[in-house]
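Engineer: Here you go, sequence then predicted model.
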Protein chains: 6
Amino acid sequence: MRNDQRSENSLRPITITTNFIKHPEGSVLIQVGETKVICNATIEDRVPPFMRGQGKGWVTAEYAMLPRATQDRNIRESSKGKVSGRTMEIQRLIGRALRSVVDLEQIGERTVWIDCDVIQADGGTRTASITGAFVAMVLAFGKLLDNNTLKKMPVTDFLAATSVGILPDGTEILDLNYEEDSHANVDMNVVMTGAGEFVEIQGTGEEATFSMNQLHTLLGLANDGLATIFSIQEEVLGDLAGRIGETLKGQDGK
Amino acid sequence: MRNDQRSENSLRPITITTNFIKHPEGSVLIQVGETKVICNATIEDRVPPFMRGQGKGWVTAEYAMLPRATQDRNIRESSKGKVSGRTMEIQRLIGRALRSVVDLEQIGERTVWIDCDVIQADGGTRTASITGAFVAMVLAFGKLLDNNTLKKMPVTDFLAATSVGILPDGTEILDLNYEEDSHANVDMNVVMTGAGEFVEIQGTGEEATFSMNQLHTLLGLANDGLATIFSIQEEVLGDLAGRIGETLKGQDGK
Amino acid sequence: MRNDQRSENSLRPITITTNFIKHPEGSVLIQVGETKVICNATIEDRVPPFMRGQGKGWVTAEYAMLPRATQDRNIRESSKGKVSGRTMEIQRLIGRALRSVVDLEQIGERTVWIDCDVIQADGGTRTASITGAFVAMVLAFGKLLDNNTLKKMPVTDFLAATSVGILPDGTEILDLNYEEDSHANVDMNVVMTGAGEFVEIQGTGEEATFSMNQLHTLLGLANDGLATIFSIQEEVLGDLAGRIGETLKGQDGK
Amino acid sequence: MRNDQRSENSLRPITITTNFIKHPEGSVLIQVGETKVICNATIEDRVPPFMRGQGKGWVTAEYAMLPRATQDRNIRESSKGKVSGRTMEIQRLIGRALRSVVDLEQIGERTVWIDCDVIQADGGTRTASITGAFVAMVLAFGKLLDNNTLKKMPVTDFLAATSVGILPDGTEILDLNYEEDSHANVDMNVVMTGAGEFVEIQGTGEEATFSMNQLHTLLGLANDGLATIFSIQEEVLGDLAGRIGETLKGQDGK
Amino acid sequence: MRNDQRSENSLRPITITTNFIKHPEGSVLIQVGETKVICNATIEDRVPPFMRGQGKGWVTAEYAMLPRATQDRNIRESSKGKVSGRTMEIQRLIGRALRSVVDLEQIGERTVWIDCDVIQADGGTRTASITGAFVAMVLAFGKLLDNNTLKKMPVTDFLAATSVGILPDGTEILDLNYEEDSHANVDMNVVMTGAGEFVEIQGTGEEATFSMNQLHTLLGLANDGLATIFSIQEEVLGDLAGRIGETLKGQDGK
Amino acid sequence: MRNDQRSENSLRPITITTNFIKHPEGSVLIQVGETKVICNATIEDRVPPFMRGQGKGWVTAEYAMLPRATQDRNIRESSKGKVSGRTMEIQRLIGRALRSVVDLEQIGERTVWIDCDVIQADGGTRTASITGAFVAMVLAFGKLLDNNTLKKMPVTDFLAATSVGILPDGTEILDLNYEEDSHANVDMNVVMTGAGEFVEIQGTGEEATFSMNQLHTLLGLANDGLATIFSIQEEVLGDLAGRIGETLKGQDGK
């Protein structure tokens, strides 16, 4: 039994509220247990300098926590005048993950800015951010479909993330909360597509290691948990869910 | 008639949700029309270096906007590596205003950190921040009363803020939304106590000026609007509202 | 009696030395009692990016203190690598105040840079800066009139600032020196035009409040003090003083 | 056949020169093909603030590239005034990996600083850094054994890293050089211990994905390559190699 | 004949106004031709961390220019958030030069902060800063003698600086103004003591070189010019001038 | 006898390894005794903004030390977020020195970036950097000659640097190592051309002074030492050495 009465292979309850904030092209509040993240997607009609003139778009992400999203107050990164290594690592991960399911040629010279702002943290903020950001991004592309800026949904597959880990007693568990995460020997974030392919695996033993067998068990837990998450995303996206992958079908056999 | 059908002396609807985030000692979400601000209060058991050894506490504030709180996306201040002049001005104002109704000796060598994070902006974010931060701060002191860290509520009076302004046609109005604020000739923020005293008046003509008579009309509008806001704060605070000012009563005749 | 033998409604002696530094288009040294500020105005033949293509000019200000302008040495903001909130607040105030009396269309796509450098501080540095900067700016426009770059003086009225405040014993006073300012309960900066209109009122109770009646008394003191200051500016500006407001007269009845 | 005539499961030639620089407690130059990294280990007799008073040590790493380590010159991070996200990600990885094989209690309140400076880059700089840093760290601990500061080698096992990846044609390969890395669909860094346990797996599909089967093949390639690397480390370390793990043996049955 | 009608070996007129600003322990305004620098000396009763516990003092300097000290306006270093290489070079030079004539043991664990702020620049700002800073520092030590904090003047000799250079036509000249400096092939700053010893020689050919013979001529010009400057310092310092060197005399034969 | 058994006028052994790193246009490792510096020269096909449109090139330098190049570990300047005054002074010196022997018109609108990275420091890092950077720069121009981008070697003469100094006992010595440098009363860096002209003299007494006679002795030591260094550069450069100065010969009589 886990500290919140879940079984080893149970996810925490997930709620995704769409259109949470009014200004962004796509906006969701995702709650995974007690973790709450606002994910906003902005469409900008240009690309960063290193991408110009290639006729392709770009997807990039920023991540932050409110100072009191955590048990103790953190100093704002704007006050410190620099972004921490942890923040950079997370925002690079979110951007890279989302790009793996976007047909960048389809969107033309536009940038999708993803802002993930954690308002309450209880473990798994980076994986909740990816799962929520995916929905916000699809909603934003929905706006471009509505006003005929795009003809087809440029998203090729569903995308979500979850964490798995190994507790000090050797138990492999799915979807760690903060308490579990801070004691786990091994922590692994897994990002997958709806088709069951890996986009990113980041497994880390902090002052610990793990074997090939343990890796298998962990990936199995992640795979099963993500199947549930994909169905939540699908339900929340409604009609837009059906348009995911349509650029692939149009290309017969790619 | 105003662009949102209000009369000149009408406030926008105000909602204050208490205990919005679980970690902070005090937390509220304040909505003033379409403006939404999370106000969190943190109690830290020490004071900044310049205050040490005086046996007094301190109240300080930080303010930020999510990048997409506004119509167009703003670059994060953490990415720019510095805090803008506007942000600094606002956070200094919030801290100063709150300190005017706190008995700093009563709280001992503690710091109250106020974090105001705007998640959706539609004008009046600094005044909504003050109004919401006051409630979050009282809630946080309530925790200290509950666990007997403090004996008396160290807040001496209610505190709230609103804006008033003059439209290009000369109309004086209460509680400007973003559209009104961006066209107004004169913009004035007024912070008052429950007893009807001024804590701060900041009136500014951007490429315009105003007369003594106009100043009177504006202050009258602010005074009436703030009376309504104090009653909302009172209702939301429940029993804690009754304890505001108790340190004054105990001092017989101050 | 005040600590420097002035009556409650007395200004400190004011001296404005024109053409203090040789390179700037306009340069003055303003002394208000023991407060000394060098105010330089620079005309640059372009506007900041957000103003381009509108055919209008811009006025902006920077403010700084020499490290030893004060009793104790302050660390240079260049050494700290960032500008303090106080500095930002002041330079935004100076720029905004000056813009209220400049016809920005008249000056075309030019920027007026105002640099206020306090070499000795004894209270009232921001109001002395505004009063001195106004003169420096008019001198700079005088150069543009002399060489026929401009046809009319683009300044619509006189502009000056002073401070008023309330001492702990309740006395309302005009033009606070440093000693008074550091003990005052209420501190208010008032910026007015020659026509007696308000441009900016910033009244602050630091851990204190003030009533409507006190506000009236303070504004009366400020109004009388500023009348004296306008006459000093007028004398110092000589012939240029007579040209202030000439763009208004040319517009018949605006 | 690969662009440098290697077979799919071949490592590039690896050379580790010990005592490369005279000042550090441990210093190596590691060359992996054309990639050259100076790895220096410094022992400092204190720990960072968050570790004080726990009687434990810490291992931390910094990573940098000379501006011209690459084909095009990079701007120095010291000139830009900030460290990039990529750099932060790498130095966090190196530190975390090394800590997994160090008995932090054994070293007492000391910090091991690892500096990895890439002087020539041709792919795999982060994995070469880990492999070289391990040797530098063991050499540094050797100094502490020599002067009796430590009684036992506090390193519990060998540690090394390599990369594997999938080329656009689907070929899985070991130890990617720069040319391969810049075209690969999938790039995976694997850090293992001498006992064959995983310390870190970071697999990334940049605009691509990978299956469970592909993951297996990649991990197999990494496992075989690392066996060779461990034997090179062992040879280079000479007598010190024999002392790795001695704290474990002493604990009978941990 | 030079562009300002001086002969090759003529200094510009030098004026040193003492007690220019009221707060600092020592304050002068030095004018060398059209160059004007405020030099303030502050005595702080502690030393920087690297000097603590040695029973010795320290002398350090900061240098800055007002934005409009020059023909074109310079961006403030506080706005840029960093100090330029030129500024750093100059302030290191000033500090080093002054330390060469101060008996650091005599002053105990105190820091002398020298602030040189150029309010108008016309060439030779760093040498004028040294010459003026010397006077400000002696005045500050004078205060410590007056209140018996020090028993003897800790300054061992006079110190001043000037520039010499070679014009494109080969003429060697003394005390270059801005116009001359910007065209000179060789520019040399010379800092000497009253006893005629060198403290610092910095001779630079910018895209040019100079011979041993030219070096001799330049050093002769500097030597003669400095003799005049020492007599100006002596006059300005009055009685304090006579106390320079008294710690040497007291040490019989050092 | 000196601490490393050299006579007063002896240089330490100098080795210059060419083509040390593969990517740069010119690359050398210079060793002067125990001091080791990697000097890389990069040719960029554009000039900085302030040089554009003049048809001339530019030479600029950056200098850094590995954290553990020294006895104690230095904090990286990239971690501190700013470059120290010492670093700035050195890189400005290197750039200025090299420009004195380059015909900037000949190289067209190109920038030569010189990167001097000290991997092991034992005194004289700035002079070793200049001597090594000269060779790296000539090698880089050699590439431009090889591919016919340039017709003539744009370097007008040899250039090298060394240090001289005065020990506390009054001995004048050549080429100070770290131990000597940290105790010397006077430290002087001398940069000369092959023709025996001075490019830069920086002589500094840290808390000490020096006489004209001592200056002569020091310059004589430097002159003799540099003769040896020029012959080492000449040998290392092979055929390219013969092309130095060829633009001068082509200009008959300049």
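Structural biologist: Sure thing, it's come through.
Engineer: distance of residue A:119 from residue B:36?
Structural biologist: With distances taken as Cβ to Cβ, to the nearest Å, residue A:119 is found 11 Å from residue B:36. Placement of C-beta: from N, CA and C, glycine included.
Engineer: what sits in contact with each of those two?
Structural biologist: Residues touching both residue A:119 and residue B:36 (Cβ atoms under 8 Å, 6 or more residues apart in numbering or on different chains): residue B:119.
Engineer: Which stretches in the stretch 1-150 of chain A count as helices?
Structural biologist: A:77-80, A:85-99, A:125-146 (DSSP state H, counting those that start in this stretch).
Engineer: can you give me the strands in the stretch 101-250 of chain A?
Structural biologist: Here the stretch 101-250 of chain A has its strands, by DSSP state E, counting those that start in this stretch, at A:111-120, A:159-166, A:172-174, A:186-193, A:198-205.
Engineer: who wins for proximity to residue E:42 among those strands?
Structural biologist: The minimum distance between residue E:42 and the strands of the stretch 101-250 of chain A falls on strand A:111-120, with 45.0 Å, by Cβ to Cβ.
Engineer: Name whatever forms a beta bridge with residue A:186.
Structural biologist: residue A:166, residue A:205 (DSSP bridges).
Engineer: re the thing from before, please identify the most buried of the strands of the stretch 101-250 of chain A.
Structural biologist: Each of those was scored by mean neighbour count; the highest is strand A:159-166, a mean of 27, by mean count of other Cβ atoms under 10 Å in any protein chain shown.
Engineer: mind listing what the closest residue to residue A:77 other than its chain neighbours touches?
Structural biologist: In this structure, residue A:77 finds its nearest non-sequential neighbour in residue B:78, 3.7 Å apart by Cβ to Cβ, 6 or more residues apart in numbering or on different chains. For residue B:78, the contacting residues are A:64, A:76-78, A:80, A:82-83, A:87, by Cβ under 8 Å, 6+ apart.
Engineer: What of residue A:178?
Structural biologist: A:121-123.
Engineer: now do residue A:218
Structural biologist: Residue A:218 makes contact with A:164-166, A:172, A:186, A:188, A:190, A:203, A:210 under the criterion Cβ under 8 Å, 6+ apart.
Engineer: With respect to residue E:197, which of those is nearest?
Structural biologist: residue A:203 (68.0 Å).
Engineer: mind checking the end-to-end distance for stretch A:30-46?
Structural biologist: Start to finish, the residues bounding stretch A:30-46 are 28 Å apart (Cα to Cα, to the nearest Å).
Engineer: Of all the residues in it, which ones are buried?
Structural biologist: A:30-44 (16 or more other Cβ atoms under 10 Å in any protein chain shown).
Engineer: Within reach of chain F, which of the residues you listed are there?
Structural biologist: Among the buried residues of stretch A:30-46, no residue sits close to chain F (Cβ under 8 Å from any Cβ of the partner chain).
Engineer: Among those, which lie within strands?
Structural biologist: Among the buried residues of stretch A:30-46, the members found in strands (DSSP state E) are A:30-32, A:35-44.
Engineer: Just send the residues you listed back as a markdown table, with distance to chain B and pLDDT too.
Structural biologist: Below are those laid out as a markdown table (distance: Cβ to the nearest Cβ, whole Å; pLDDT from 0 to 100):
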| residue | distance to chain B | pLDDT |
| --- | --- | --- |
| A:30 | 14 | 98 |
| A:31 | 12 | 98 |
| A:32 | 14 | 98 |
| A:35 | 11 | 98 |
| A:36 | 8 | 98 |
| A:37 | 11 | 98 |
| A:38 | 6 | 98 |
| A:39 | 10 | 98 |
| A:40 | 4 | 98 |
| A:41 | 9 | 98 |
| A:42 | 5 | 98 |
| A:43 | 10 | 97 |
| A:44 | 7 | 96 |
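Engineer: and of these, the nearest to residue B:141?
Structural biologist: Proximity of these to residue B:141 (Cβ to Cβ) peaks at residue A:36, which lies at 25.2 Å.
Engineer: contacting residues for the closest one?
Structural biologist: A:29-30, A:118-120, B:21.
Engineer: from those, which is closest to residue A:98?
Structural biologist: residue A:30 (14.3 Å).
Engineer: Quick check: closest non-adjacent residue to that closest one.
Structural biologist: Leaving aside its sequence neighbours, residue A:30 sits nearest to residue A:132 (Cβ to Cβ, 6+ apart; 3.2 Å).
Engineer: Check residue A:121 too.
Structural biologist: residue A:69 (4.4 Å).
Engineer: wait, the one you found sits on residue A:116?
Structural biologist: No: with contact defined as Cβ atoms under 8 Å, residue A:69 and residue A:116 do not form a contacting pair (11.6 Å).
Engineer: Write a ChimeraX command that selects only the buried members of the contacts of residue A:178.
Structural biologist: A single ChimeraX command selects the buried members of these (16+ other Cβ under 10 Å):
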select /A:121,122,123
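Engineer: Dump the contacts of residue A:178 to JSON lines, plus distance to residue B:140 and pLDDT.
Structural biologist: What follows is these, written out as JSON lines (distance: Cβ to Cβ, whole Å; pLDDT from 0 to 100):
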{"residue": "A:121", "distance to residue B:140": "19", "pLDDT": "98"}
{"residue": "A:122", "distance to residue B:140": "21", "pLDDT": "97"}
{"residue": "A:123", "distance to residue B:140": "25", "pLDDT": "97"}
